[in-house]
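**Student:** Test case, fold it:
(one chain, ligands or ions: 1)
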Amino acid sequence: MANTPHGGVLKDLYLRDAEKYASLRAEAETLPSLVLTDRQLCDLELILNGGFSPLEGFLNEKDYNGVVENMRLTSGLLWSIPITLDVSEEDIKVSQIQPQQRITLLDSRDYEPLAILTVDDVYQPNKSKEAEYVFGADDSAHPAVYYLHNVSKQFYVGGSLQAIQSPSHYDYVANRYTPSELRAHFKKLQWTRVVAFQTRNPMHRAHRELTVRAARQRKAHLLIHPVVGLTKPGDIDHYTRVRVYKALMPKYPNGMAELSLLPLAMRMGGPREAVWHALIRKNHGVTHFIVGRDHAGPGKNSQGVDFYGPYDAQALVEKFKDEIGIEIVPFQMVTYSPDSDEYIPADEVPEGVKTLNISGTELRRRLKTGLSIPEWFSYPEVVKVLRQSHPPRSQQGFTIFFTGLHASGKNAIARALQVSLNQESTRSVSLLMGENVRAELSSELGFSKRDRDINIGRQAFVAGELTRAGAAAIVAPIAPYDDARKQARKTIEKSGGFYLVHVATPLEECVKRDRDGVYEKAKKGEIKEFTGIDDPYEVPQDADLVVDVTKQSVSQAVHEIVLLLEKDGYVGSS
Ligand SMILES: Nc1ncnc2c1ncn2[C@@H]1O[C@H](COP(=O)(O)OS(=O)(=O)O)[C@@H](OP(=O)(O)O)[C@H]1O
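**Tutor:** Numbers count the residues shown, from 1 in each chain. Just a heads-up that it's a prediction; the model follows:
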């Protein structure tokens, strides 16, 4: 028998409202609507499918105050994280949000109606109080507190929901189970004791060991239940992680473990989040839940001190364990002993016995630099997945962004660089020359600051996409303005390497080298807003390399760029 839901009844609103589907859908067309944010979408999915039972909607003010102040709904039931629908003053006006009003909630990705909300109340939360009570500090170094103050809107809307349909998913659909589906699955498998493991990180040998230990101790089966909604900013993306989990599953004995993906928006709320996680797992029919050291920890506060103690989460869950009605399995930190070639719980390591570990930061460093990842730490199948998503620099894309006056020699250097890089077989090389871009992408633009900025923005977008796909992009505009160049760096650096090369050939030399005589025309006023003549060129202070064709040849300039790329591992095998 699967565990009973929190509050006794699984609030699967899809099942409850299925027979009214046609009328709700028709009514949804006639109502004012509200487009949900990514977090609201995750929350809505778990309210509608019963993952957040006993909730049947977003918290009204009374429930919100109860949850914030003492983790209680007005029904008296335990609930630790406020599930709120935040809206702006503008939303209230546009969507006609007021008590009793019915509002259609739309998926932001396809504007499909997902549910109808009957508004209970609209209230203004005390966000600092929410931060203090729920997350332990009003400190924006905490991602949820940052969200509260900087992303979440000013008002909350409480109200009950009627389900129309679930948000569409196009990734790993077969591995997504609602609580009802998971309960049916457990029944089919005849699983009665199930230990769930929550994670937002890739899993390695140590995780396999600790989950098997938990299952063995409790004579239970295992549910690997990772979060694929929203996790901590900077985490490894869920596509990679799910590929990792799938590579890991065959390492469990047949029939021992199942994988199910949870569309939860985590808050990184430590102790309160651990209670919430346990309640969610209970709703999914799970009987045992592993709570780790620093469970859902957000890291350090603005003073450099951990927000929560390492065992605060275990302590709070332990305090409420009877009420939660799920058996807590404290996370046994396991560590590798090279002498005996096995994993042992950290607290059982005999005095003087050497152990090994690789931290998340160290793993990311090894992935980035292509350094080896030992077999004792992870499985080759898992490492292969991680390496595919984190190729070494020699396989990552980069952009060489030239800036300089007309006829400074940047075009010749850019062409020569393309030829030189083409000698390497590892990536395709794309060249975006100023005049070609003007003809192909920016033909309607002139040379005002605004138009030049748009022109540079477009090139940065294209170069960023090429870089993300692993190519080498060479961009060679005049790019006279510092803010546009900085913006380009910001855009492209998200996707890979970025190097600003200033071709600093002096203006007199450019004028001399100018075969088309455009400088002469500009001087006579026949061409207006010409850079260097009657339009500014802001000399970059942040160039990664400065070259000047009066001081070096094209081939020397290319060589200096190649040396820069080699230093960072983009060319030449390390
Ligand atoms: N008013 C004015 N100012 C500057 N440049 C001018 C102007 N009118 C035409 N051209 C020619 O346009 C070529 C491309 O300019 P860019 O797109 O690189 O300029 S910008 O980066 O948008 O500022 C650029 O050529 P290259 O330097 O060879 O790329 C210029 O010769």
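**Student:** Please count neighbours and contacts with C-alpha atoms only from this point.
**Tutor:** Fine.
**Student:** what secondary structure does the residue in the stretch 201-350 of the chain positioned nearest to the ligand sit in?
**Tutor:** Nearest residue of the stretch 201-350 of the chain to the ligand: residue 234, at 33.0 Å (Cα to the nearest ligand atom). When the structure is reduced to helix, strand and coil (DSSP: H, G, I helix; E, B strand; the rest coil), residue 234 reads as coil.
**Student:** Can you pull out the low-pLDDT segments for this structure?
**Tutor:** Applying pLDDT under 70 to the predicted model, the residue ranges of the chain that meet it are 332, 574.
**Student:** What residues does it have near the ligand?
**Tutor:** Taking Cα under 6 Å from any ligand atom as the measure of proximity, the chain contacts the ligand at 406-407, 434-435, 438, 447, 452, 455, 477-480, 528-531.
**Student:** OK, now which residue of the stretch 251-400 of the chain is nearest to the ligand?
**Tutor:** Counting by Cα to the nearest ligand atom, the stretch 251-400 of the chain gets nearest to the ligand through residue 400 (14.5 Å).
**Student:** Please give me every residue in contact with residue 543.
**Tutor:** The neighbours of residue 543, taking Cα atoms under 8 Å, 6 or more residues apart in numbering as the test, are 499, 500, 501, 502.
**Student:** how deep is the residue of the stretch 251-400 of the chain closest to the ligand tucked in, by neighbour count?
**Tutor:** 22 (other Cα atoms under 10 Å).
**Student:** I'd like to know how far residue 26 sits from residue 20.
**Tutor:** To residue 20, residue 26 is 10 Å away according to Cα to Cα, to the nearest Å.
**Student:** Between the two, tell me which one has more neighbours.
**Tutor:** For residue 26 versus residue 20, the count of surrounding residues by other Cα under 10 Å is larger for residue 20: 13 against 10.
**Student:** Looks to me like that one is in a helix.
**Tutor:** Yes - residue assignment for residue 20, taken from three-state DSSP, places it within a helix.
**Student:** which residues in the stretch 1-150 of the chain form helices?
**Tutor:** When assigned using DSSP state H, counting those that start in this stretch, the helices of the stretch 1-150 of the chain occupy the ranges 13-17, 21-30, 38-48, 61-70, 89-94, 127-130, 143-150.
**Student:** so which of the ones you listed is the most packed in?
**Tutor:** A comparison of the helices of the stretch 1-150 of the chain by mean neighbour count, using mean count of other Cα atoms under 10 Å, puts helix 38-48 on top with a mean of 22.
**Student:** Work out the gap between that helix and the centre of the chain.
**Tutor:** Remark: helix 38-48 is offset 17 Å from the chain centroid, using Cα atoms, centre = their mean, to the nearest Å.
**Student:** sorry, back to before: got a winner among the contacts of residue 543 for most neighbours?
**Tutor:** Note: the member of those with the most neighbours is residue 502, at 24 neighbours, neighbours being other Cα under 10 Å.
**Student:** helices and strands around the longest strand seen in the chain, which ones?
**Tutor:** Ranked by residue count under DSSP state E, the longest strand found in the chain is strand 113-123. Counting contacts by 3 or more Cα pairs under 8 Å, 6 or more residues apart in numbering; DSSP states H and E, strand 113-123 packs against helix 21-30, helix 61-70, strand 102-106, strand 155-163.
**Student:** can you do 10 Å?
**Tutor:** Here strand 113-123 is seen to pack against helix 21-30, strand 33-35, helix 38-48, strand 57-58, helix 61-70, strand 85-87, strand 102-106, strand 155-163 when contacts are counted using 3 or more Cα pairs under 10 Å, 6 or more residues apart in numbering; DSSP states H and E.
**Student:** Of the residues of the chain next to the ligand, keep whichever come out buried.
**Tutor:** The neighbour-count test (16 or more other Cα atoms under 10 Å) marks 406, 407, 434, 438, 452, 455, 477, 478, 479, 480, 530, 531 as buried among the residues of the chain next to the ligand.
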